[in-house]
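**Q** no sequence on this one, just coordinates:
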């Protein structure tokens, strides 16, 4: 019988061998399964910018977290936050969308078991194009397609840093599978000439013993109509 020290070494070596194989399979499945990468993004007719974050548009090697820490990076520009105590039982992973109605090639599954925290959120850093020329006349629109195992609710907050301050707008998303929220910058004190960066937070409520799959997430920006 193999002793425990040798067995641990063998397990470590096996994991190192398995990692590049898993990454290759992840990328290959993404390129060979429909909807294909680069799937069309429904851009609102009056939008001057639209975006599907990388987690939903292309395979991200290693995009998975088991027992996520209170702050953990899921992928570049995507961070998970929660305040659960003890051993974390929050799991996130990128998965392949394969159904005919799916527009995004990839989805993100968020799962929690004995979750005793007061919040769980996924933060998405906005790219520079989202902030270029941003004014208080702009409206951001977040569209989400979510499958829920249980009655979880979703909310979102848009954040734009301008100088030492952060303009914030919070919205609760409808419980429909396809839902949207709009963030009108006119309701903030945004200093247009000092915009530095921005991010969106998606909040998950009622997640104990629950699973939510974000099948698609898109963000767009438009100028609000003059009154």
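**A** Structure's in. What do you need? No experiment lies behind these values; they were computed from the predicted model shown.
**Q** now the element after the helix or strand containing residue 48, going C-ward?
**A** Using DSSP states H and E, residue 48 maps to strand 47-51. For strand 47-51, the succeeding helix or strand toward the C-terminus, using DSSP H and E, is helix 54-57.
**Q** so which residues make contact with the helix or strand just after that next one?
**A** Downstream of helix 54-57, the first helix or strand assigned by DSSP H and E is strand 64-66. With contact meaning CB atoms under 8 Å, 6 or more residues apart in numbering, strand 64-66 is reached by 72, 74, 80, 90-94. Every C-beta, even on glycine, is put in place using the N, C-alpha and C of the backbone.
**Q** dump these into TSV; add secondary structure, distance to residue 152 and neighbour count as well.
**A** Below are these laid out as TSV (DSSP: H, G, I helix; E, B strand; the rest coil; distance: CB to CB, whole Å; neighbours: other CB atoms under 10 Å):
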residue	secondary structure	distance to residue 152	neighbour count
72	strand	20	16
74	strand	18	23
80	strand	15	20
90	strand	13	23
91	strand	14	16
92	strand	14	23
93	strand	17	16
94	strand	19	23
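**Q** what's the single longest strand in the chain?
**A** Using DSSP state E, we find that the single longest strand of the chain is strand 210-223.
**Q** so residue 147 sits against residue 210, correct?
**A** No - at 11.5 Å, residue 147 and residue 210 do not qualify as touching, with contact defined as CB atoms under 8 Å.
**Q** the two: which has the busier surroundings?
**A** Legend: neighbour count by other CB atoms under 10 Å for residue 147 and residue 210, higher for residue 210 (18 against 12).
**Q** the spatially closest residue to the more buried one that is not a sequence neighbour and residue 53, how far apart?
**A** Leaving aside its chain neighbours, residue 210 sits nearest to residue 150 (4.1 Å; criterion: CB to CB, 6 or more residues apart in numbering). Distance of residue 150 to residue 53, computed by CB to CB, to the nearest Å: 25 Å.
**Q** so if I had to pick from these two, which one is more boxed in?
**A** residue 53 (25 against 11).
**Q** so that one versus residue 134, what's the distance?
**A** 18 Å.
**Q** how about the strands in this structure?
**A** 47-51, 64-66, 71-75, 78-82, 90-96, 106-112, 120-125, 138-148, 153-162, 165-172, 178-184, 195-205, 210-223.
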